[in-house]
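> Sequence unavailable; structure follows:
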């Protein structure tokens, strides 16, 4: 009985040691190598309509590398106009203590239900930058690209006209990647968007869209269609 108890204690002591070692691989400084010393550039424009950010305020997020969380409770803000992330190592820091995050495909940034990944230019991909991962399957992956387009303001050219404020307008683009990681931008038209998800199974795609009343211009329906296409 005593021997079994000692074995029991030894087992849990070993398990605790292994867990401790695994957790210590990424400690609270693991995110440091990805944080630059570049402060956030100031925007001096006034009377702006809209924002260059996907969300104006910093949001709590986590950083993940190789399936493990390397940083929690960090402050993240995505500048969708410049395609850069701003980061506060801890969420409670002031905004002027934020820095630019180095662009890397080594980490995934999780904000609420959105997972942002960085995709680099390659011989196969002309698109690059941060993408929101919407669905990842065995044969295809669905991404969303958030872009804020800047439209310059205009002065009033006469007493009969009014000045136009500079504006940031959001543009969403969807991409699929095949099992080799090659990105393809989806068309804005419903038919071409649906066909692109499965070139070899157009009849099945068409039937699924009709039977399930899929509107591919709605994100949740596009995800459903991607899941179905991946199963073919």
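Thanks, I have the structure now. Since the model is a prediction, treat every value here as computed from it, not as a measurement.

> Quick check: which element contains the residue nearest the centre of the chain?
Among the residues of the chain, the one closest to the centroid is residue 116, at 1.8 Å (Cα atoms, centre = their mean). Using DSSP states H and E, residue 116 sits within strand 114-119.

> now for that strand, which elements pack on it?
Counting contacts by 3 or more Cβ pairs under 8 Å, 6 or more residues apart in numbering; DSSP states H and E, strand 114-119 packs against strand 108-111, strand 129-136. In short, each C-beta sits where N, CA and C put it, glycine included.

> give me the low-pLDDT residue ranges for the protein?
When residues are selected by pLDDT under 70, those of the chain lie in 1-28.

> What segments of it are strands?
35-39, 59-65, 68-79, 84-88, 99-101, 108-111, 114-119, 129-136, 140-151, 167-178, 183-185 (DSSP state E).

> I'd like to know which of those lies nearest to residue 207.
strand 140-151 (18.7 Å; Cβ to Cβ).

> Pull the number of nearby residues for residue 160.
By other Cβ atoms under 10 Å, 6 other residues sit near residue 160.

> ah, wrong one, I meant residue 224
17.

> count of neighbours near the closest residue to it other than its chain neighbours?
Distance criterion Cβ to Cβ, 6 or more residues apart in numbering; nearest residue to residue 224, sequence neighbours excluded, is residue 214 at 6.4 Å. Residues lying near residue 214 (other Cβ under 10 Å) number 19.

> Residue 214 contacts residue 226, correct?
No - in this structure, residue 214 is not within contact of residue 226 by Cβ atoms under 8 Å, at 10.7 Å.

> about what we covered before: could you check how far the residue nearest to the centre of the chain is from residue 130?
Between residue 116 and residue 130 the computed distance is 5 Å (Cβ to Cβ, to the nearest Å).

> That's all I had, so thanks and see you.
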